[in-house]
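Colleague: need coordinates for the following:
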Amino acid sequence: MDSYITATILLAIVHALIPNHWLPLVAIAKTEKWSRKELLIVTFIASLAHVTGTVLLGLILGWIGTTLAQTYTDYLPIIAPILLIVFGLIYFSVNFRHQHTSASAEKPVKSKGRWIIFFVLIMFISPCLEVESLFLAAGARGLDNILRLGAIYAQVSITGIVTLVLLAFAGVRMIHTEFIEHYEKRITGIVLIAVGIITFFFH
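Modeller: As a prediction, the model looks like this:
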């Protein structure tokens with residue numbers, strides 16, 4: 001289970017670093033002349049929506065994993081690692097850029113409340129699909145472990161997004177985020193393959 005937790009933390013960090021998760025918030029805050037406190041509140045609400053969508057989908061997949069574990073107990077030590085390796089190979093080979101719908105500073109939305117609704121909806125319907133395979137595999141280890149992964153992912157993702165937004169708002173130049181954005185799928189693939197291999201030998 002430690003390998004799942006480590007992988008969840010790594011994927012949450014990589015995912016949070018993608019500019020589409022925080023750059024639109026900063027752009028709108030500067031355009032609409034929001035205060036640092038207002039930006040912090042909107043960012044927290046939007047990132048919470050993103051995490052909620054991801055964890056809800058993860059809980060569903062975790063439940064599926066639990067059901068499979070009860071049915072195929074004898075084969076589980078082999079099935080879970082193979083699934084992770086397969087997902088890893090898919091992510092590694094299909095290296096398309098991460099596509100979240102981003103907001104433009106010219107978008108005709110004036111009300112802060114409308115901006116909050118806009119960002120919440122966008123973030124909620126854009127779950128982090130990369131981490132979902134870990135929820136599916138963790139389902140074999142029980143509901144407690146699924147919930148633990150969800151809590152860890154939520155904490156790391158929200159902290160990461162809020163931190164990056166505040167740094168960018170303060171004028172701190174983000175370095176190497178283009179590299180993360182371009183190679184996110186390959187990084188994700190390597191992490192999942194590594195977890196699959198480790199789980200296969202140390203289940």
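
Colleague: from Ala49, how far out is Gly139?
Modeller: Look at Gly139 and Ala49: by CB to CB, to the nearest Å, they are 24 Å apart. All C-beta atoms are positioned from the backbone trio N, CA, C, and that covers glycine.

Colleague: which one's more surrounded, these two?
Modeller: Gly139 (27 against 19; other CB atoms under 10 Å).

Colleague: you'd agree the more buried one is up against Thr66?
Modeller: Yes. Counting by CB atoms under 8 Å, Thr66 is a contact partner of Gly139 at 4.3 Å.

Colleague: any stretches of this protein with poor pLDDT?
Modeller: 1, 69-77, 80, 94-111, 172-184, 199-203 (pLDDT under 70).

Colleague: which stretches of it form helices?
Modeller: 2-17, 23-31, 36-71, 76-93, 112-124, 132-138, 143-169, 177-201 (DSSP state H).

Colleague: packing partners of the shortest one?
Modeller: Okay, so that is helix 132-138. For helix 132-138, the contact count by 3 or more CB pairs under 8 Å, 6 or more residues apart in numbering; DSSP states H and E identifies helix 2-17, helix 36-71, helix 76-93, helix 143-169, helix 177-201 as packing neighbours.

Colleague: tabulate those (a markdown table), appending distance to Val26.
Modeller: Below are the helices and strands packed on helix 132-138 laid out as a markdown table (distance: least, CB to CB, whole Å):
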| stretch | distance to Val26 |
| --- | --- |
| helix 2-17 | 14 |
| helix 36-71 | 7 |
| helix 76-93 | 28 |
| helix 143-169 | 5 |
| helix 177-201 | 12 |
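
Colleague: which stretch among these comes nearest Ser133?
Modeller: Closest to Ser133 of the helices and strands packed on helix 132-138 is helix 76-93 (CB to CB; 4.1 Å).

Colleague: so what does the closest one touch, helix or strand wise?
Modeller: If you count contacts as 3+ CB pairs under 8 Å, 6+ apart, helix 76-93 packs onto helix 36-71, helix 132-138, helix 177-201.

Colleague: 7 Å instead?
Modeller: helix 132-138, helix 177-201 (3 or more CB pairs under 7 Å, 6 or more residues apart in numbering; DSSP states H and E).

Colleague: just how off-centre is it within its chain?
Modeller: 18 Å (CA atoms, centre = their mean, to the nearest Å).

Colleague: which residue packs closest to Leu166, ignoring adjacent ones?
Modeller: Once flanking residues are discounted, Leu166 sits nearest to Leu40: 6.8 Å by CB to CB, 6 or more residues apart in numbering.

Colleague: how close does the one you found get to Ala154?
Modeller: Going from Leu40 to Ala154 by CB to CB gives 17 Å.

Colleague: and what of His21?
Modeller: Applying CB to CB to His21 and Ala154 gives a distance of 14 Å.
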